[in-house]
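>>> Below is the sequence, then the predicted model.
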Amino acid sequence: MKLRRLFQLLQLLPAAAAAPKPLDAHATLLNTIHSLTRQLSTTHHSSSRTLILSSIAAHTPLYHARHTDDLPPSPDWLALDAGMSLGIMSTRIAAVQMLTYTTTRPLRLLMFSGISAALGPGWLDSQLLFLYNTTTGPLPPDLIGGEYTRARELCAWATAHDTRLDGFIRGNAGLEVIICDFATPALRLLGSRNVTAPDPPRENPTIWFGPSGILHWRPPARGEHAAMEWVRAAAAWNVRPDTRVAVDYCALWTFPPDATAADAAAVRARIGAGLREPQPCTRVDWRNVVDTLVARYRPLLASAAAAVDGAAGVALRFRPDDGGMLRRCVREFTGHLPVLPADAPEAEIVAAVEGVLGEICALLLGPRVADEAEVARVREWLDWADDTEGACERGEVWMAAPVWPLLEPRGGGDEWLGKEGRWSGCVGVEYFRERAGTEEEYRKQEL
């Protein structure tokens, strides 16, 4: 192929020839879709800002642990896994009752992507933008109490805008559901039982705020087994998506990275309108598309040598070169789709898929042989999470961290959101046993 022709092809995608931007909406949205209901990649992309209509099928068990014998107020929380409820409530000095519910029809829910159930700046951004048009507040000193305030305000919005939502779904170590009305006929209480540990904790968890304003939480002695049950529940969905939650890609909206108050209000208005009226949509399973894209191209971006070897195969797939090879590579998954209205939520996904493939295809089919620096630059821009699990000893599970509030940043510091705090490894009860104690003891350890 002549160089002149290759340069002409590259002109079809001027953005692809440019250096990737540090924070690109296309790469971020693809990572969000790939991460939905997967623990490892959600932890990696913890401060995602996408909202998506979701559902939980009829006859799905849901769990709520509490320290009293009465029923939950409205709104309140349900967990998809009993271990999560147990881990939250069994680390305190109190008897624990476990309520088990089942759904009698599909629950209609709006999901906040990322580690959106974590209490701290960054993780709560999408909820703060949704409710208050800003990421700076209000964040009350009593963050736990603030959770109920936000839940009431979210549910009030859902009712006022005739969205037919039963609640909202968020993640941290596992998934939790805010139910707006526990009297809904969509839920049926199956029973309640005492699940207090035979040798329960004699102290409550230690809680304090780090320099970044994020709440630190450590279970007390004798609370490590309950905390470990929470980790096990989350780790079950490390790699495979939690299929108990179905997502509707026809109803997906994202706040821009530097959203103004006007941006936030506009996105919220589109969400309200989209929940009331179905939007034009192709019904493509975009998780399958994104998973295929990642599985296909991740090995080719492992190194420059892999890129060179893989480029020949990519070029072969999209021949003959009639001036459209690069375009066919970019539009492999989208070229056959009908044109969507620009304001249709799915149009954002189409643009993201083509934008990411624009970078990849330009690298692999470009006029120059890719070197290590170019491959590393694109790989860093894509920021694909490591979805593989390591081998662990009996009783341990593999987790990516930090995961608020269970697994702290590397070294026990306060780098919850930055790359410096990330780590992956095996976690067992010893992880929590080593951290049991008072806040004063933690401070001495840090010094």
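Arrived safely.

>>> Could you point out the helix or strand that follows the helix or strand where residue 233 lies?
Element membership of residue 233, judged by DSSP states H and E, is helix 224-235. Using DSSP H and E, the next helix or strand after helix 224-235 towards the C-terminus is strand 245-254.

>>> ok so, going back, just checking, what packs against the helix holding residue 233?
In terms of contacts (3 or more Cβ pairs under 8 Å, 6 or more residues apart in numbering; DSSP states H and E), helix 224-235 is packed against helix 82-89, strand 174-179, strand 397-401, helix 429-433. All C-beta atoms are positioned from the backbone trio N, CA, C, and that covers glycine.

>>> Okay, angle between it and strand 174-179 too, please.
Helix 224-235 and strand 174-179 are oriented at 90 degrees to each other (axes from the mean of the first three to the mean of the last three Cα atoms, to 10 degrees).

>>> Report the backbone C-alpha coordinates of helix 224-235 in CSV.
Presented in CSV, the C-alpha positions along helix 224-235 are these (Å, rounded to 0.1, in the frame of the first residue of the first chain):
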residue,chain,number,x,y,z
GLU,A,224,-13.2,-10.2,60.7
HIS,A,225,-15.3,-13.2,59.6
ALA,A,226,-18.4,-11.1,58.9
ALA,A,227,-16.2,-8.6,56.9
MET,A,228,-14.8,-11.6,55.0
GLU,A,229,-18.2,-12.8,54.0
TRP,A,230,-18.8,-9.4,52.5
VAL,A,231,-15.6,-9.7,50.5
ARG,A,232,-16.5,-13.2,49.3
ALA,A,233,-19.9,-12.0,48.1
ALA,A,234,-18.3,-9.3,46.0
ALA,A,235,-15.5,-11.5,44.7
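
>>> residues contacting residue 200?
By Cβ atoms under 8 Å, 6 or more residues apart in numbering, residue 200 lies in contact with 90, 93, 222.

>>> what residues are up against the first one?
The one in question is residue 90. With Cβ under 8 Å, 6+ apart, residue 90 has these contacts: 65, 96, 195, 196, 197, 200, 201, 223, 226, 229.

>>> Where does pLDDT dip in the stretch 201-350 of the chain?
For the stretch 201-350 of the chain, the stretches with pLDDT under 70 are 321-323.

>>> Need the residues that contact the helix holding residue 233.
For helix 224-235, the external contacting residues (Cβ under 8 Å, 6+ apart) are 39, 79, 81-84, 86-91, 173-174, 197, 219, 397-399, 403, 406-407, 427-429, 431-433, 436.

>>> Generate a PyMOL selection restricted to the buried entries among the contacts of residue 90.
Buried residues among the contacts of residue 90 (16 or more other Cβ atoms under 10 Å), as a PyMOL selection:
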select buried, resi 65+96+195+200+201+223+226+229
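
>>> Mind checking which of the contacts of residue 90 are in helices?
Among those, DSSP state H puts 226, 229 in helices.

>>> Reformat the contacts of residue 90 as JSON lines; add distance to residue 419.
Formatted as JSON lines, the contacts of residue 90 follow (distance: Cβ to Cβ, whole Å):
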{"residue": "65", "distance to residue 419": "34"}
{"residue": "96", "distance to residue 419": "37"}
{"residue": "195", "distance to residue 419": "38"}
{"residue": "196", "distance to residue 419": "40"}
{"residue": "197", "distance to residue 419": "37"}
{"residue": "200", "distance to residue 419": "38"}
{"residue": "201", "distance to residue 419": "34"}
{"residue": "223", "distance to residue 419": "30"}
{"residue": "226", "distance to residue 419": "30"}
{"residue": "229", "distance to residue 419": "29"}
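
>>> Return the subset of the contacts of residue 90 lying in strands.
Using DSSP state E, the members of the contacts of residue 90 that fall in strands are residue 65.

>>> Residue 248: which of the contacts of residue 90 is nearest?
Using Cβ to Cβ, residue 65 comes nearest to residue 248 of the contacts of residue 90, at 29.6 Å.

>>> And for residue 67, nearest residue in space, chain neighbours not counted?
residue 94 (4.0 Å; Cβ to Cβ, 6 or more residues apart in numbering).

>>> Check the secondary structure at the one you found for me.
Classification of residue 94 by DSSP: H, G, I helix; E, B strand; the rest coil places it in coil.

>>> was I right about it contacting residue 65?
No: applying Cβ atoms under 8 Å as the test, residue 94 and residue 65 come out as separate, 10.4 Å apart.

>>> what's the first-to-last distance across stretch 31-42?
9 Å (Cα to Cα, to the nearest Å).

>>> Next one: residue 234 from residue 161, what distance?
Noted for residue 234: a distance of 32 Å to residue 161, by Cβ to Cβ, to the nearest Å.

>>> next one: residue 74
The value you get for residue 74 to residue 161, if Cβ to Cβ is used, is 18 Å.

>>> can you check residue 55 too?
18 Å.

>>> so which of the contacts of residue 200 comes closest to residue 314?
Nearest to residue 314 among the contacts of residue 200, with distances taken as Cβ to Cβ, is residue 90, at 52.0 Å.

>>> do you know how far that closest one is from residue 69?
Taking Cβ to Cβ, one finds residue 90 at 16 Å from residue 69.

>>> so the lengthiest helix in the chain versus strand 245-254, what angle?
As assigned by DSSP H, the longest helix anywhere in the chain is helix 345-364. If you take the same axes, to 10 degrees, helix 345-364 sits at 80 degrees to strand 245-254.

>>> buried ones in helix 345-364?
In helix 345-364, counting by 16+ other Cβ under 10 Å, buried: 345-364.
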